[in-house]
Structure formats: C-alpha cells, structure tokens
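Need a 3D model of the sequence below.
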Amino acid sequence: MYPEYSYYGYKDENVKTPITFPKQHQDIQPGLESIMQPLPIFDNPEIKGSNKLKDKVAIISGGDSGIGRSVAVLFAKEGADVVIAYLNEKEDAFVTKQAVEYYGRKCLLMEGNLKDEKFSQYIVTNTIHTFGKIDILVNNCGVQFPQNSILDISTEQLKNTFETNIFSFFYLTKAVLPHLPAYSSIINTSSVTAFEGHKTLIDYSATKGAITVFTKSLALSLADAKIRVNAVAPGPIWTPLIPASFSAEEVEIFGTDVPLKRAGQPFEVSPAYLYLASDDSRYVTGQVLHVNGGSMV
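All right, here's what the predicted structure looks like:
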C-alpha cells in the first residue's frame, strides 16, 4: 500500500507535479489528506537516505499529514525514529506510520489536542519511555480560518488560532527542553505570511510572525546550551490545510501567483527541515529558511 500511495506523481511518467488543482473544499480543520485530489506528494523515491539522522529521535507535531508527514518520512529515511502528535486524523496518521516503518524505523502515534499543555507533557513522557531520549523537535501544527475583515474574526477564532499555532509551540518546547542534549535541534514552521502578510489571514499571519521571533529569541536563549533553533517559512504548499481553509474556486488556482507559477509539494519542503535537523547546519541557529516558489521576502 505505502509505495503506491507514496509514489503518486512518480510512477506514471505522464503524471507531473500539478500546476492547478480540481475544485474542492473540506468542512473540517486542519483537513484530511486521504480525501484530497490529487494526493500530495510527500516522498521522493529517487532520493536515498544517507544516515544523516542515524538513531536520532524526533517529535513532530502535526506529523500525520502535509509537511509534517513528509518531514517524518524523510527523517525516517535518514535513520530517525519519530513521534507524531496529531489531533484526530487517525487514517492519515496511520499512513504516515506505515511510511516511517517502510523505511525501517519506529513510529509512535500520539493523539490529542496540543492546546492542552498537559498533552505536551504526556508526549514527552511516552517518548522517553519508548525511546529513552529526544534529539529533534519539530513544531509544525497549525490552523487557519480566512476572514474578509478583522471585524469577522471572533474572539473564539482568535484564541483558537493563537493557542494552536503558537501556544502549542511554547508548551511542547518547554516539555521537551529538559531532555534535549547539546547539539540537538528545534525547528519551527513559520510561513511566508509572516513576511508578506495576507489580506484574509490576519490572525494566522500574526501567529506566524510570533513564531519567527520566538525562533530567533529562543535561539539566543539556548545558544550556550548548544541547542540550535531555526524555522522554515513555506509558501503555498499543497497540504490538507488548503482545501480545509479556502473555497473550491480559490483552491483551483492555489499557488499560481508565485514566480514558479505553481504550488509546492510537501516533499519539496521537507529537505529544509532535514538540513536544519542534521549536522549539515551545525553552525546555523536563529535563522529562517524560505521555501516559497520564488516570493521575494
């Protein structure tokens, strides 16, 4: 099952990375990868692992689908065991687990709501019990709810967006930090919207701006401990959050406004996370890598 699913867009020479997408919309957040058309491409089978993360242990929030899934699979290909924290997307999480195990690594699934600080402690406790250590933390979970005006952003939405997108990063980082050894790595998912803004994603963009400064400040704070902290700022990437956020008409043209004229696929973003997680970036901290199809930020 996994190879057929993973290689979508590769096995048939006539199937290319799509430039536009069929109209579709999901009435759920943060969305389900299993019902997207076409399925996102999360693995590049032409890239072989080289043990850059041999026997490391990584925790990835939002690792069940989208960018998080691609990062989990690439980390496994490079020799890491992974712990995936996800909200409730059981089917997506199971596919990711299959993919990690396909590359010979272990995958621990942790279902729960990261808005609850106690869940972060639960994740860490189970990770230490299962693997005995933590080397890498990827803070990646997020939601977005487009609104035409700030007047349409309810107090409930504002709290939900901030609690999911940035509070959870604080909670999980605080829980993990006592277990991180020197030369470990924390990687946060920011966004191009932190640098460009977005007309209909005011609260979301604000959280991504907060994540960017959180990254830089935490990097300064942890430099003496030799723990590196960096971020990746993706542009338009084909993930479940897109059909779960935007109208069918917006999905149809998603990503065509960047210089490369198309949305990116998850497998085109995950190598940035691998770089920041590995010794290749041992002299890099407090930085943001931009993977956005050419947007000038």
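
Show me which residues of stretch 200-213 are buried.
200-212 (16 or more other CB atoms under 10 Å). C-beta here means a position set from N, CA and C on the backbone, and glycine is covered the same way.

With stretch 134-154 instead?
Within stretch 134-154, the residues scored as buried using 16+ other CB under 10 Å are 134-147, 153.

okay if I get the buried residues of stretch 200-213 as JSON lines plus secondary structure?
Shown next, in JSON lines, are the buried residues of stretch 200-213 (DSSP: H, G, I helix; E, B strand; the rest coil):
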{"residue": "T200", "secondary structure": "coil"}
{"residue": "L201", "secondary structure": "coil"}
{"residue": "I202", "secondary structure": "helix"}
{"residue": "D203", "secondary structure": "helix"}
{"residue": "Y204", "secondary structure": "helix"}
{"residue": "S205", "secondary structure": "helix"}
{"residue": "A206", "secondary structure": "helix"}
{"residue": "T207", "secondary structure": "helix"}
{"residue": "K208", "secondary structure": "helix"}
{"residue": "G209", "secondary structure": "helix"}
{"residue": "A210", "secondary structure": "helix"}
{"residue": "I211", "secondary structure": "helix"}
{"residue": "T212", "secondary structure": "helix"}
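
which secondary structure element contains K216?
Element membership for K216 (DSSP states H and E) is helix 202-222.

And the contacts of that helix?
Defining contact as CB atoms under 8 Å, 6 or more residues apart in numbering, one finds that helix 202-222 is touched by 139, 142-145, 147, 150, 153, 157-158, 161-162, 165-166, 169-170, 173, 177, 186, 188-191, 193-195, 197-198, 228-231, 233, 285-288.

which of those count as buried?
Neighbour counting with 16+ other CB under 10 Å marks 139, 142-145, 147, 153, 158, 161-162, 165-166, 169, 173, 177, 186, 188-191, 193-195, 228-231, 233, 285-286, 288 as buried within these.

Where does pLDDT dip in this protein?
1-17 (pLDDT under 70).

switch the cut-off to 80
1-19, 297 (pLDDT under 80).

Strands along that one, start to end?
With strands called from DSSP state E, the chain shows them at 57-61, 81-86, 107-111, 136-139, 185-189, 228-234, 288-291.

Of all those strands, which one comes closest to F94?
F94 lies closest to strand 107-111 among the strands of the chain, at 7.6 Å (CB to CB).

Please point out which parts of that closest one sit buried.
Buried-residue list, strand 107-111, by 16+ other CB under 10 Å: C107, L108, L109, M110.

from what I can see R282 touches I227, true?
No: the pair R282 and I227 does not pass the contact test of CB atoms under 8 Å, sitting 11.6 Å apart.

where do the contact lists of those two overlap?
Residues touching both R282 and I227 by CB under 8 Å, 6+ apart: Y183.

Compare these two and say which one has the larger neighbour count.
When R282 and I227 are compared for neighbours, I227 comes out ahead with 20 against 11, by other CB atoms under 10 Å.

Contacts only, for the more buried one.
Going by CB under 8 Å, 6+ apart, I227 touches L177, L180, A182, Y183, S184, S185, I186.

Make a markdown table from the buried residues of stretch 200-213 and add distance to F75 to it.
Converted to a markdown table, the buried residues of stretch 200-213 look like this (distance: CB to CB, whole Å):
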| residue | distance to F75 |
| --- | --- |
| T200 | 33 |
| L201 | 28 |
| I202 | 33 |
| D203 | 30 |
| Y204 | 26 |
| S205 | 28 |
| A206 | 29 |
| T207 | 25 |
| K208 | 23 |
| G209 | 27 |
| A210 | 26 |
| I211 | 20 |
| T212 | 23 |
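
tell me the two of those residues that are most distant?
Farthest pair in the buried residues of stretch 200-213 (CB to CB) is T200 and T212. Separation: 19.9 Å.

residues in contact with K174?
Residues counted as contacts of K174 (CB under 8 Å, 6+ apart) are S120.

The strands of the chain into a markdown table, with extra columns for distance to Y122?
Output for those, formatted as a markdown table (distance: least, CB to CB, whole Å):
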| stretch | distance to Y122 |
| --- | --- |
| strand 57-61 | 12 |
| strand 81-86 | 9 |
| strand 107-111 | 7 |
| strand 136-139 | 15 |
| strand 185-189 | 19 |
| strand 228-234 | 23 |
| strand 288-291 | 30 |
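
re earlier: what's the angle from the helix holding K216 to strand 185-189?
Counting by axes from the mean of the first three to the mean of the last three CA atoms, to 10 degrees, helix 202-222 points 170 degrees away from the direction of strand 185-189.

and helix 202-222, how far out from the chain's middle?
Here the centre of helix 202-222 is set off from its chain's centre by 15 Å, with CA atoms, centre = their mean, to the nearest Å.
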